[in-house]
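Enquirer: structural data only, the sequence is not supplied:
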Ligand SMILES: C[S@@+](CC[C@H](N)C(=O)[O-])C[C@H]1O[C@@H](n2cnc3c(N)ncnc32)[C@H](O)[C@@H]1O
């Protein structure tokens, strides 16, 4: 299978050509079966048909992943519950990552405010895994840490906490100017976070639903290889254009990091020892409460981003989930 290219076609057919245990991780963001207007396939299967189809590619993803590898599936909670039932038979559950989403009250339901990312290990005893950190959350106006650490401030990590299984700091693509002509494009720094925690430089990442190439771009920025599959010719073209426009390698010194708007969104805990010389760190460290560290390009770390309206297509998605 050719590395660093996006194959156009049906993933069920093309996955069969990938040898057993040959990719380092697999990430899948399948159609959500929510009657979205895609040009190349029906997004409105009967429930049993959809689950049967998903089980086919889920089994293929586990088959082709190395014993050290991870399998990540992004979807709405309703479908992830079905996927888990299948994955529990053939892989080891690690996490259900809750990725924060905006929503509106719907009535007769709890407010759905997260997408899920199922995180399975092919074999939990052999899993490649790195602790990762995100910048401290701060008040946008006053710059003070959002969380009250009480008397423990002097023991805080200067950059930020270890990433948990609830992700509230990575937002969807809200501005149309940053969005391609695709209804469900994911942000690159979401994929970069997954790659930093599960892969090394040069590893191979498989995405059988490549859309406009988010996973491929993240892999390229972080010095990883990818294998992509996408059924829609138009999306393959956009993905290839996005790849051609991606020249930046996101590194600080010798360490790979995820950068968003000139700020570090995710870094590896093990890399901090080498990276910290590129930051101005307040002294004494307990001043971190009100003074943020600065990356040497002079930009403030950990500024909160604007939280805009949920894009219309995501609102539709959550409305349909009930
Ligand atoms: C939710 S989108 C993925 C979006 C992608 N993560 C991104 O950030 O651009 C699902 C994609 O799967 C593609 N797709 C649907 N059925 C497919 C199939 N059988 N084989 C390969 N791709 C398929 C669709 O064309 C769509 O682009």
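Expert: Thanks, I have it. If you're wondering where the values come from, they're calculated on a predicted model, not measured in any experiment.

Enquirer: now the stretch 1-150 of the chain, which segments are flagged as low pLDDT?
Expert: Scanning the stretch 1-150 of the chain for pLDDT under 70 picks out 35-40.

Enquirer: what does the stretch 151-300 of the chain put close to the ligand?
Expert: The interface of the stretch 151-300 of the chain toward the ligand, taken as CB under 6 Å from any ligand atom, is made up of 182, 184-186, 208-209, 211-212, 214, 229-232, 235. Heads up, the C-betas are built off the backbone N, CA and C, glycines and all.

Enquirer: of those, which is the nearest to the ligand?
Expert: Distance to the ligand, by CB to the nearest ligand atom, is smallest for residue 211 among these, at 2.3 Å.

Enquirer: any idea how far residue 173 is from that closest one?
Expert: 12 Å (CB to CB, to the nearest Å).

Enquirer: pick out whichever of the two has more residues nearby.
Expert: Set side by side, residue 211 and residue 173 give different neighbour counts by other CB atoms under 10 Å, the larger being at residue 211 (24 against 18).

Enquirer: what do residue 211 and residue 173 both touch?
Expert: Common contacts of residue 211 and residue 173 (CB atoms under 8 Å, 6 or more residues apart in numbering): 185, 186.

Enquirer: counting by contacts, list what the longest strand that the chain contains packs against.
Expert: Longest strand in the chain, counting residues (DSSP state E): strand 65-75. In this structure, strand 65-75 makes packing contacts with strand 23-28, helix 47-64, helix 77-90, strand 114-121, helix 188-198, judged by 3 or more CB pairs under 8 Å, 6 or more residues apart in numbering; DSSP states H and E.

Enquirer: now with 7 Å?
Expert: Under the contact criterion of 3 or more CB pairs under 7 Å, 6 or more residues apart in numbering; DSSP states H and E, the helices and strands touching strand 65-75 comprise strand 23-28, strand 114-121.

Enquirer: is it in proximity to the ligand?
Expert: No: against the ligand, strand 65-75 shows no contacts by CB under 6 Å from any ligand atom, the least distance being 7.2 Å.

Enquirer: could you list the low-confidence segments of the stretch 151-300 of the chain?
Expert: Applying pLDDT under 70 to the stretch 151-300 of the chain flags residues 174-183, 297-300.

Enquirer: return the subset of the residues of the stretch 151-300 of the chain next to the ligand lying in helices.
Expert: Residues of these located in helices (DSSP state H): 214, 235.

Enquirer: most remote residue from this structure's center?
Expert: Farthest-out residue of the chain from its mean C-alpha position, per CA atoms, centre = their mean: residue 284, at 34.5 Å.

Enquirer: nearest to residue 101, out of the helices and strands packed on strand 65-75?
Expert: When the helices and strands packed on strand 65-75 are compared for distance to residue 101 using CB to CB, the nearest one is strand 114-121, at 5.5 Å.

Enquirer: direction included, what does the closest one pair against?
Expert: Next to strand 114-121 in the sheet, as set by DSSP bridges, lie strand 65-75 (antiparallel), strand 92-100 (antiparallel).

Enquirer: for the residue nearest to residue 294 when sequence neighbours are not counted, give me phi and psi.
Expert: Spatially, and ignoring its direct neighbours in sequence, residue 294 is nearest to residue 280 (4.4 Å; CB to CB, 6 or more residues apart in numbering). Backbone geometry at residue 280, expressed as degrees, to the nearest 10, gives phi -90, psi 120.

Enquirer: cool, and the one 4 residues further on?
Expert: When quoted as degrees, to the nearest 10, the phi and psi of residue 284 stand at phi -70, psi 160.

Enquirer: quick one: secondary structure of the closest residue to it other than its chain neighbours?
Expert: Of all residues not flanking residue 284 in the chain, residue 154 sits nearest, at 6.8 Å (CB to CB, 6+ apart). Assigned with DSSP: H, G, I helix; E, B strand; the rest coil, residue 154 falls in the helix class.
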